[in-house]
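Trainee: Sequence plus predicted model, see below.
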Amino acid sequence: MYSRPKPRSMPIDQGRRLLLRGAACVPLATAAGCGGGSSFPMGSMGMGGPVGPIVSSVTEHSLPILPLDTGVLDPSGTRQFALRVQRGTTQFRDGVDTPTLGYNGALLGPALRLRAGEATRIRVLNDLDEATTVHWHGLVVPADVDGGPHQPIAPGASWEARFTVANPPSTCWFHPHGHGVTGRQVLSGLAGLVIVDDPTVDPGALPRTWGVDDLALVLQDKRFTPSGQIDTRLSADDRLSGYSGETLLVNGVTGAVWQAPRQWVRLRLLNGCNARTLSVRLGNAAALLQVANEGGRLAQAVARSSIALAPGERAEVLVDLGSVASGAEVALLARSVDTGMGMGMGMGMGMGGASGESEVTALKMRVSLPRQADAIAAPPSALIAAPAIVAAAGATSRSFTLEGGMMGDLFTINGRSFDIRRIDVTLPAHTVEVWRFFNATMMAHPIHVHGVRMSLLTRDGAAPALHERGLRDTFVVEPMQTVAVAVQTPAQASSTPLMFHCHILEHEDAGMMGQFVAV
Ligand code: C2O
Ligand code: CU
Ligand code: CU
């Protein structure tokens with residue numbers, strides 16, 4: 001799967017890291033100028049946010065399609081999957097072997113296709129020489145099979161997750177979640193997809209032929225050492241703002257090219273970066289028609305000129321390649337988003353630094369295949385939406401304040417840094433509460449909660465945008481902003497803690513995480 005075509009021209013980026021940031025974070029008194037999307041000149045000072053340019057690759061590589069794994073249905077009706085966490089070697093630069101980690105392969109992993117309502121068993125064998133966990137990000141599963149820091153798998157050991165698929169059709173993913181090591185293991189290559197299917201929901205409404213008109217794109221940045229190894233060391237800036245690499249990879253390759261059919265296609269986008277927020281758009285200026293967010297389908301497709309995804313967030317979009325000339329190319333462009341509060345340290349990153357490049361081509365969609373027999377004729381005008389969570393008046397409400405990112409590197413929630421022996425919140429099972437997250441820092445934090453269903457209620461008191469509705473498992477809280485969410489707590493009580501945390505993995509590993517139990 002990850003074999004590489006021969007180099008066509010020069011190797012990928014030279015590891016340029018042209019933008020420097022201030023070393024310390026200074027609190028600002030006002031909330032003015034917050035928000036993502038703006039780009040700032042090099043050399044200016046600012047407040048956190050993943051920084052450092054990403055640079056274009058000039059060498060083309062054909063896009064690897066994550067292998068679709070539909071599992072094996074046993075006679076009892078349980079769908080079974082097997083994952084092996086292993087070491088391997090990947091050539092990110094042609095001719096240069098780089099040690100990587102993967103699931104059932106050298107890098108990344110398969111897309112596990114689950115069915116809504118089905119009994120499921122996933123066996124994991126850890127073939128690494130260190131402990132890991134496998135967390136099902138977005139799946140609503142019992143706490144004891146969530147794969148968080150409380151379910152470590154020792155080297156050489158096996159672990160099994162059994163659950164009934166409770167999610168609506170959606171794109172979820174899996175990745176390690178070991179105490180303090182999540183960032184490094186994800187960066188080394190561990191990430192895979194979970195596709196939840198439900199043949200009874202809108203059959204035929206969306207493109208669904210894997211790798212042909214239904215494509216998963218894992219977007220990640222990495223930094224490489226001069227010898228071509230993944231640089232997992234964290235600089236002081238990385239510890240503050242999160243890791244950023246100059247190389248953007250799509251499904252593990254730079255310069256990705258996909259031979260596409262001339263029709264509507266579905267792209268399942270995952271921001272699998274440790275810390276970088278990416279904004280994507282089409283090079284031909286056509287809209288991305290968003291049909292789903294993290295939790296599943298929207299009530300209707302939303303035409304968007306660009307889509308920003310924070311780490312952990314997903315979006316499913318439809319792209320019209322049917323009106324493109326045969327042989328033409330449509331680019332998916334990506335740009336780093338400034339997630340700090342203004343004055344930003346190059347965060348908007350004129351991504352190419354000296355070249356002044358502001359965006360890179362993440363993927364070239366080369367329209368080289370004819371329209372397929374099962375192509376959809378047109379995008380659906382309405383969809384069966386993932387059901388939103390609604391909170392009753394008088395529902396219990398909880399407040400969480402996100403702090404830190406000052407000189408000391410410590411990130412906290414309600415003044416506390418993560419302690420695996422401490423339960424931060426005890427809440428009743430099977431009820432709906434309102435949780436309010438206030439971000440008292442100068443950079444955005446993507447908040448993720450395990451094992452619950454959530455819907456956004458308000459951002460600073462305002463109703464969420466159309467694409468933010470439905471079910472969510474990860475959402476951004478901008479600097480000085482308050483986001484209220486309705487949270488349906490786990491269906492069953494369990495003494496095993498579940499996590500809520502910032503999905504900037506360096507913040508998570510540095511303590512911006514708490515634990516709750518449902519009783
Ligand atoms: Cu994607 Cu707690 O993780
Ligand atoms: Cu998760
Ligand atoms: Cu954070």
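Mentor: Yes, it's here. Residues are numbered from 1 along each chain as shown. Ligands and ions are numbered 1, 2, ... in the order given.
Trainee: what sits against the residue in the stretch 301-450 of the chain positioned nearest to ligand 2?
Mentor: The nearest approach of the stretch 301-450 of the chain to ligand 2 comes at His450, 4.7 Å away (Cβ to the ion). No exception for glycine: its C-beta is placed from N, CA and C like everyone else's. His450 is in contact with His135, Ala143, Asp146, Gly148, Leu498, Met499, Phe500, counting by Cβ atoms under 8 Å, 6 or more residues apart in numbering.
Trainee: Out of the residues you listed, which sit inside strands?
Mentor: His135, Leu498, Met499, Phe500 (DSSP state E).
Trainee: what two of the residues you listed are the furthest from one another?
Mentor: By the measure Cβ to Cβ, His135 and Phe500 form the most distant pair in the ones in strands among the contacts of His450, at 13.0 Å.
Trainee: ok, the contacts of His450 vs ligand 2, which is closest?
Mentor: His135 (5.4 Å).
Trainee: For that closest one, give its distance to Arg398.
Mentor: For His135, the distance to Arg398 (Cβ to Cβ, to the nearest Å) stands at 23 Å.
Trainee: what about those two, which has more around it?
Mentor: Higher neighbour count among His135 and Arg398: His135, with 24 against 14, using other Cβ atoms under 10 Å.
Trainee: contacting residues around the more buried one?
Mentor: Neighbouring residues of His135 by Cβ under 8 Å, 6+ apart: Asp146, Gly147, Gly148, Phe174, His175, Pro176, His177, His450.
Trainee: State the distance from the last one to ligand 3.
Mentor: Distance from His450 to ligand 3, counting by Cβ to the ion, to the nearest Å: 16 Å.
Trainee: what do you get for the first one?
Mentor: Between Asp146 and ligand 3 the computed distance is 21 Å (Cβ to the ion).
Trainee: That residue: neighbouring residues, count only.
Mentor: Asp146: 28 neighbours (other Cβ under 10 Å).
Trainee: isn't it right next to Pro497, touching?
Mentor: No. With contact defined as Cβ atoms under 8 Å, Asp146 does not reach Pro497; the gap is 9.2 Å.
Trainee: Quick check, the residue in this protein closest to ligand 1?
Mentor: Per Cβ to the nearest ligand atom, the residue of the chain with the smallest distance to ligand 1 is His137, at 3.5 Å.
Trainee: Run a quick neighbour tally on that residue.
Mentor: With other Cβ under 10 Å as criterion, His137 counts 24.
Trainee: Return the residues in contact with it.
Mentor: Applying Cβ under 8 Å, 6+ apart, we find His137 in contact with Cys172, Trp173, Phe174, His175, Gly312, His448, Asp473, Thr474.
Trainee: Just the ones of the residues you listed in strands?
Mentor: Short answer: the contacts of His137 in strands (DSSP E) are Cys172, Trp173, Phe174, His175, His448, Thr474.
Trainee: Helices along the stretch 201-350 of the chain, start to end?
Mentor: 236-241 (DSSP state H, counting those that start in this stretch).
Trainee: Check it for the residue nearest ligand 3 and tell me.
Mentor: Closest residue of the stretch 201-350 of the chain to ligand 3, Cβ to the ion: Gly242 (7.0 Å).
Trainee: quick one: that residue and Thr277 touch, right?
Mentor: No. The pair Gly242 / Thr277 is not scored as a contact, 9.4 Å apart, by Cβ under 8 Å.
Trainee: buried residues in stretch 508-515?
Mentor: Glu508, Asp509, Ala510, Gly511, Met512, Met513, Gly514, Gln515 (16 or more other Cβ atoms under 10 Å).
Trainee: what would those residues look like in JSON lines with pLDDT, secondary structure and distance to ligand 2?
Mentor: Formatted as JSON lines, the buried residues of stretch 508-515 follow (pLDDT from 0 to 100; DSSP: H, G, I helix; E, B strand; the rest coil; distance: Cβ to the ion, whole Å):
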{"residue": "Glu508", "pLDDT": "94", "secondary structure": "helix", "distance to ligand 2": "10"}
{"residue": "Asp509", "pLDDT": "91", "secondary structure": "helix", "distance to ligand 2": "14"}
{"residue": "Ala510", "pLDDT": "91", "secondary structure": "coil", "distance to ligand 2": "17"}
{"residue": "Gly511", "pLDDT": "92", "secondary structure": "coil", "distance to ligand 2": "17"}
{"residue": "Met512", "pLDDT": "96", "secondary structure": "coil", "distance to ligand 2": "14"}
{"residue": "Met513", "pLDDT": "97", "secondary structure": "strand", "distance to ligand 2": "11"}
{"residue": "Gly514", "pLDDT": "98", "secondary structure": "strand", "distance to ligand 2": "13"}
{"residue": "Gln515", "pLDDT": "98", "secondary structure": "strand", "distance to ligand 2": "13"}
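Trainee: Looking at those, which one is closest to ligand 3?
Mentor: Minimum distance to ligand 3 across the buried residues of stretch 508-515 is 5.3 Å, recorded for Met512 (Cβ to the ion).
Trainee: State the distance from the closest one to Phe500.
Mentor: For Met512 relative to Phe500 (Cβ to Cβ), the value is 10 Å.
Trainee: swap in Thr401?
Mentor: Counting by Cβ to Cβ - Thr401 and Phe500 are separated by 13 Å.
Trainee: which of those two has more neighbours?
Mentor: Phe500 (22 against 15).
Trainee: what pairs with that one across the strands?
Mentor: Val449, Gly514 (DSSP bridges).
Trainee: Tell me the pLDDT of it.
Mentor: On the pLDDT scale, Phe500 is placed at 98.
Trainee: dump the residue contacts of it.
Mentor: Taking Cβ under 8 Å, 6+ apart, we find Phe500 in contact with Phe400, Ile413, Ile447, His448, Val449, His450, Met513, Gly514, Gln515, Phe516.
Trainee: Which ones among these also lie next to ligand 1?
Mentor: His448, His450 (Cβ under 6 Å from any ligand atom).
Trainee: what about Gln91, neighbour count?
Mentor: Gln91, neighbours per other Cβ under 10 Å, totals 18.
Trainee: that older thread, for the residue of the stretch 301-450 of the chain closest to ligand 2, give its distance to Gln515.
Mentor: 9 Å.
Trainee: and if you look at Thr254?
Mentor: From Thr254 to Gln515 the distance is 38 Å (Cβ to Cβ).
Trainee: Would the strand or helix carrying Trp435 count as contacting ligand 3?
Mentor: Using DSSP states H and E, the element containing Trp435 is strand 432-439. No. Strand 432-439 stays clear of ligand 3 (Cβ under 5 Å from the ion), getting no nearer than 8.8 Å.
Trainee: What helices and strands are in contact with that strand?
Mentor: Contact analysis of strand 432-439 by 3 or more Cβ pairs under 8 Å, 6 or more residues apart in numbering; DSSP states H and E lists strand 397-404, strand 445-449, strand 474-477, strand 482-488 as its packing neighbours.
Trainee: what's the angle from it to strand 397-404?
Mentor: Note on geometry: by axes from the mean of the first three to the mean of the last three Cα atoms, to 10 degrees, strand 432-439 and strand 397-404 are set 20 degrees apart in direction.
Trainee: quick one: contacts of strand 432-439?
Mentor: 389-392, 395-402, 427, 445, 447, 449, 454, 457, 477-489.
Trainee: Check what pLDDT Leu125 gets.
Mentor: Taking Leu125 on its own, its pLDDT is 98.
Trainee: on contacts alone, who are the packing partners of the helix or strand containing it?
Mentor: Counting by DSSP H and E, the element that carries Leu125 is strand 119-126. Secondary-structure packing of strand 119-126 (3+ Cβ pairs under 8 Å, 6+ apart): strand 79-93, strand 158-164.
Trainee: List the buried residues in stretch 244-262.
Mentor: 244-258, 260-262.
Trainee: circling back: what touches both of Thr401 and Phe500?
Mentor: Ile413.
Trainee: Could I get the full set of helices for the stretch 51-200 of the chain?
Mentor: Using DSSP H, counting those that start in this stretch, helices in the stretch 51-200 of the chain cover 182-187.
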